[in-house]
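Enquirer: Sequence plus the predicted model coming up.
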Amino acid sequence: MSEHHPLFEEVRLGSLTVRNRAALAAMTNKQSNDDGTLSDEELHWLRRRAEGGFGLIATCAANVVPEAKTWDGELGIYDDAHIPGLTRLAEALHEAGSAAVVQIFHGGYRVPSSISGEQPVSCTAFTIESEGFEQPRELSTAEVEATIQAYVDAAVRARTAGFDGVEIHGAHTYLIAQFLSREYNTRSDRYGGTLENR
């Protein structure tokens with residue numbers, strides 16, 4: 001493929017200029033420290049991808065509250081204690097020429113109690129028919145609003161750390177996908193019912 005191919009041309013995303021159209025999607029590397037802080041191994045791995053030429057790098061999924069941690073070695077962005085490591089990562093990715101975003105998420109019913117120490121939560125206390133998942137409890141309206149604020153706070157931490165943006169993980173039946181689903185979300189408050197509410 002020629003280096004003059006459109007894949008290698010700069011692209012603008014709002015006010016952000018990205019050096020090419022190649023982006024590294026968020027992956028589940030399981031390299032973060034137990035407390036959700038960035039490990040040197042994770043920093044090195046992501047920096048190498050930027051040095052390899054990706055125009056935009058997304059971090060691994062970063063949980064927005066401690067009880068959203070879905071696997072060991074998961075990145076956190078729920079506490080200001082995570083900002084120094086995230087700042088090092090944003091600086092390293094920028095120095096290598098890549099734009100940098102943090103993928104923020106909550107696992108919802110997919111969070112195992114063996115990791116979180118709590119019963120999983122979701123939009124509704126629906127019956128899980130897949131093996132390996134536990135029965136979730138329904139988030140109260142106040143808890144939904146606190147979770148929304150946790151996403152806002154995570155985005156602010158990402159910006160404080162020097163990232164160019166966030167990617168909100170809304171796939172793979174994690175919490176946001178659970179709320180969007182008519183099958184899972186049977187709430188009768190302002191977070192259920194119509195697509196707009198969901």
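Expert: Arrived safely.
Enquirer: Give me the next element, helix or strand, following the longest helix anywhere in the chain.
Expert: Across the chain, the longest stretch assigned as helix under DSSP state H is helix 141-160. Next in sequence after helix 141-160, counting helices and strands by DSSP states H and E, comes strand 165-168.
Enquirer: what helices or strands is the helix or strand just after that following strand leaning on?
Expert: Following strand 165-168 in sequence order, the next helix or strand is helix 175-180 (DSSP H and E). Helices and strands touching helix 175-180, by 3 or more Cβ pairs under 8 Å, 6 or more residues apart in numbering; DSSP states H and E, are strand 121-122. Using the backbone N, CA and C atoms, a C-beta is placed for each residue, glycine as well.
Enquirer: contacting residues around the strand it packs on?
Expert: With contacts defined as Cβ atoms under 8 Å, 6 or more residues apart in numbering, strand 121-122 is touched by Glu67, Gly108, Tyr109, Val111, Pro136, Arg137, Glu138, Leu139, Glu143, Leu175, Gln178, Tyr184.
Enquirer: Sheet partners, orientation included, of the next helix or strand after it?
Expert: Scanning forward in sequence from strand 121-122 by DSSP H and E, the next helix or strand is strand 137-138. According to DSSP bridges, strand 137-138 forms sheet pairs with strand 121-122 (parallel).
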